[in-house]
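[1] sequence plus predicted model, see below.
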Amino acid sequence: MSLVLASTSPFRAAILKNAGLDFRAEAAGIDERSVEAPLLETDATAEDIAAVLAEAKAMDVSERNPGALVLGGDQTLSLEGKLFHKPADMEEARFHLLSFSGKTHQLWSALSLVRNGEAVWRHVSVAHMRVRPLSPQFIGRYLARTGDAALKSVGAYQYEGLGIQLFDGIDGDYFTIVGLPILPLLKKLRDLGEIDG
């Protein structure tokens, strides 16, 4: 199998590696905000946006890798109909966490497989993340401890690390939360005959 991960995310790469898949990683060269902009002018949901971005990344890398199966992924976060992006700075991270406090938000993880510029599979999983009530003082201490790692995820938390302390309930699987729903991907790769079934 010639699988290319259209991402340089160390988390996505670790999931694929741990699952025993052979692949190489290549960053997609798209401007996510410009792909997203026309969608925001329509009734596109956070789920739709994640799916479009995942496919756009895979399409971009597919152009440079004829014959290869390219995996694109994207993750969006929505709270009460509002879309959140990775925070640009610590002040925005603080705002995100204050917004999430005591509420449930949704993380949408989309995957797309593309070969020779044609989408062969699309998938979106969702996790419902219930953040416990957080005081401004706790958020300040949390961000001081996590540092710039808080700016690397859409929710301003690293769920697989210290960020787990922010939650009091989760409905969804771990792989969706960290951005690569591996079980549906493995099933599709078996269905395509790309891995041993």
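    Good, I have the coordinates.

[2] now whichever strand or helix holds Lys187: buried residues?
    Taking DSSP states H and E as the criterion, Lys187 maps to helix 182-191. Neighbour-count burial for helix 182-191 flags Ile182, Leu185, Leu186, Lys188, Leu189 (criterion: 16 or more other Cβ atoms under 10 Å). C-beta here means a position set from N, CA and C on the backbone, and glycine is covered the same way.

[3] following element in sequence after the longest helix seen in the chain, please.
    Secondary structure of the chain read by DSSP state H shows that its longest helix is helix 46-63. Proceeding N to C from helix 46-63, the next assigned helix or strand is strand 69-79, under DSSP H and E.

[4] which helix or strand lies directly C-terminal to that following strand?
    strand 82-84.

[5] now whatever helix or strand comes next after that next one against strand 69-79, angle please.
    Downstream of strand 82-84, the next assigned helix or strand under DSSP H and E is helix 90-100. Using axes from the mean of the first three to the mean of the last three Cα atoms, to 10 degrees, the inter-axis angle of helix 90-100 relative to strand 69-79 is 70 degrees.

[6] show me what helix 90-100 is in contact with.
    For helix 90-100, contacts defined as Cβ atoms under 8 Å, 6 or more residues apart in numbering pick out 79, 84, 87, 129, 131, 134, 136, 139-140, 142-143, 150-151, 155-157, 166.

[7] among these, name the buried ones.
    The buried subset of these - by 16+ other Cβ under 10 Å - is 79, 84, 87, 129, 131, 134, 139, 142-143, 150-151, 155-157, 166.

[8] which non-adjacent residue is nearest Ile170?
    Once flanking residues are discounted, Ile170 sits nearest to Met129: 5.7 Å by Cβ to Cβ, 6 or more residues apart in numbering.

[9] so where does that neighbour fall, helix or strand?
    strand 118-131.

[10] what residues of that strand count as buried?
    Ala119, Trp121, Arg122, His123, Val124, Ser125, Val126, Ala127, Met129, Val131.

[11] now do stretch 21-37
    Here stretch 21-37 shows Leu21, Phe23, Ala25, Glu26, Ala28, Ile30, Glu32, Val35, Glu36 as buried, counting by 16+ other Cβ under 10 Å.

[12] do stretch 5-17 as well
    Counting neighbours by 16+ other Cβ under 10 Å, stretch 5-17 gives Leu5, Ala6, Ser7, Ser9, Phe11, Arg12, Ala13, Ile15, Leu16 as buried.

[13] name the SS class of the third one, please.
    The reference is to Ser7. What DSSP: H, G, I helix; E, B strand; the rest coil gives for Ser7 is coil.

[14] do you know how far it is from Ile182?
    Ser7 is 14 Å from Ile182, where distance means Cβ to Cβ, to the nearest Å.

[15] and the residue positioned nearest the centre of the chain, how close does it get to Leu83?
    Geometric centre of the chain, nearest residue: Gln75, 2.8 Å, by Cα atoms, centre = their mean. As judged by Cβ to Cβ, Gln75 and Leu83 stand 12 Å apart.
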